[in-house]
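*Asks:* Sequence and predicted structure, then a few things I'm wondering about:
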Amino acid sequence: MKKVSVLAGLAAGLLFSGVALAATAKTYQVTGSVIAVNEDIIVVMKGNDRWEINRDGNTKVTDNIAVGDKVTITYRMHAESVEKKPASKSKSK
């Protein structure tokens, strides 16, 4: 009986840990030179690409960031909104 309880507990733990991991979005990184910075956004040039990354009070910043500094930003992508489009009509011959 104890084995069944232990196995059920382990199975439940694995199930809930999988759910917690699935809810966290993958992290990405961009490294480049800061071209603009304020309390709400950091703009970085990576090669010829301009990256605008939003930030808020929860963003961890290790030091003061100024224009010209080279930084690596770790970020996550998330959807702001999702709009369903009508299904495209396929042409049949």
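*Replies:* In hand now; what should we look at?

*Asks:* packing partners for the helix or strand where residue 74 lies?
*Replies:* Following DSSP states H and E, one finds residue 74 within strand 70-76. With contacts defined as 3 or more Cβ pairs under 8 Å, 6 or more residues apart in numbering; DSSP states H and E, the packing partners of strand 70-76 are strand 27-37, strand 41-46, strand 49-54. Using the backbone N, CA and C atoms, a C-beta is placed for each residue, glycine as well.

*Asks:* at 7 Å what do you get?
*Replies:* strand 27-37, strand 41-46 (3 or more Cβ pairs under 7 Å, 6 or more residues apart in numbering; DSSP states H and E).

*Asks:* I'd like to know which of these is closest to residue 70.
*Replies:* strand 27-37 (5.6 Å; Cβ to Cβ).

*Asks:* Give me the angle between the closest one and strand 70-76.
*Replies:* If you take axes from the mean of the first three to the mean of the last three Cα atoms, to 10 degrees, strand 27-37 sits at 130 degrees to strand 70-76.
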